[in-house]
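Enquirer: below are the sequence and a predicted model for it; my questions follow.
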Amino acid sequence: MQISHYLYQFRYDDSERALSRLESKYLFNREEKNKLLISDIKTEPSSSAFIKNRLDIIAFSDDYAVLIDEIKNKKIFDDRYKVEYLVLHGDKTEYAERLKKINETGCCIDGVAEYYSPATIYAICRFDGIWYFGILIKGHLLWQKHKNKPRSCSNSISMSIAKALVNIATRSNKACTLLDACCGVGTIMLEACVAGYAVEGCDINWKMCVDARKNIAHYNYTAKVYRSDIKDMDTQYDVAIIDLPYNLFSNASETEMAHIVESAYKIADRLLIISAPDISAIIRNTGVRITDYCSVGKNGKTTFSRNIWVCEKTG
Ligand SMILES: C[S@@+](CC[C@H](N)C(=O)[O-])C[C@H]1O[C@@H](n2cnc3c(N)ncnc32)[C@H](O)[C@@H]1O
């Protein structure tokens, strides 16, 4: 049987499902399903807000007894290890049986079990009728340090959406250059910076620019923020992410939104457009081709949602 090397487990609430799927499509060339995805592509779990764990598969079988023999044959030695059981979608194994399997798997590993500070966490799980054993890499929440940024704004985008936007925009290509075209306090820029991308931002509002610069400096990142109307930007970028103004604080008419999209279109090959109102007709009128779309709820708690369009240049 052909097998991929990594099993990813996702975590999100219902309102984020569409965004998580769209992000996985750009990270893995395939959408996750039931919060699971098996792939040959290796990515750090914390590169996405929605990836909970990655299992680096060592052995697998549709027969549990065969899997146990395979693990024994690997002659694994580890002087500080722990075994966990991952309960995945569709796995009905009872708690007592899971404990038994953790124990049986642990007995296949030479060395010393260490519950509280293991050097390696191994895991066993069952998915689609196949048993898997491997090394478990948990997503850490270090990226959430941006929660404590010194400046924020009521219409800032959430960090998890910002992180997904950066992944969708770049497809993990570290050479990709990015413009945060209506950067506000720089939420998207921070996620691009921590992921190591060359990003610049612009905003028409001087206060927003001051705040974005303060946030970027706070984390010792280097990224330029231009106080500029998007129409006056002339550098070329691979992708522009445009979180359009949407409320009383930074309202924009349909004409202004069209003007922002058209201006970004001139200086970027791809656009990611985010807007509370449905502006798909405005986007199409500018001549940009919409290639993907999803809608995401704000923090998963309110009915407020944001529309996200992935767009390419036509012709
Ligand atoms: C929804 S907010 C962006 C929020 C931002 N993503 C954040 O997380 O802080 C929209 C921003 O677009 C800016 N803006 C409006 N018209 C603009 C234009 N023509 N060029 C550049 N920025 C513009 C506003 O000043 C506002 O800060």
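Expert: Alright, I've got the coordinates.
Enquirer: can we go C-alpha only for contacts and neighbour counts from here?
Expert: OK.
Enquirer: now do the strands in the stretch 1-150 of the chain.
Expert: 6-10, 36-39, 51-61, 77-86, 110-113, 120-127, 130-138 (DSSP state E, counting those that start in this stretch).
Enquirer: and the protein, which residues reach the ligand?
Expert: By C-alpha under 6 Å from any ligand atom, the residues of the chain that approach the ligand are 155-157, 182-187, 202-205, 208, 228-230, 243-246, 250, 260.
Enquirer: of those, keep whichever come out buried.
Expert: Buried members of the residues of the chain next to the ligand, counted by 16 or more other C-alpha atoms under 10 Å: 157, 182-187, 202-205, 208, 228, 230, 243-246, 260.
Enquirer: so which of the residues you listed are in helices?
Expert: Those of these mapping onto helices are 187, 208, 260, per DSSP state H.
Enquirer: for the residues you listed, which one is nearest Ser305?
Expert: Distance to Ser305, by C-alpha to C-alpha, is smallest for Thr187 among these, at 17.6 Å.
Enquirer: distance of that closest one from Cys107?
Expert: Using C-alpha to C-alpha, to the nearest Å, we find Thr187 at a distance of 47 Å from Cys107.
Enquirer: kindly report the same for Tyr265.
Expert: From Tyr265 over to Cys107 (counting by C-alpha to C-alpha), the distance is 59 Å.
Enquirer: who has more neighbours, the two?
Expert: It is Tyr265, of Tyr265 and Cys107, that has more neighbours when counted by other C-alpha atoms under 10 Å, with 20 against 15.
Enquirer: so which helix or strand takes in that one?
Expert: Here Tyr265 sits within helix 254-267, counting by DSSP states H and E.
Enquirer: quick one: distance of stretch 58-70 to the chain centre.
Expert: Taking C-alpha atoms, centre = their mean, to the nearest Å, the mean C-alpha location of stretch 58-70 is offset from the chain mean by 32 Å.
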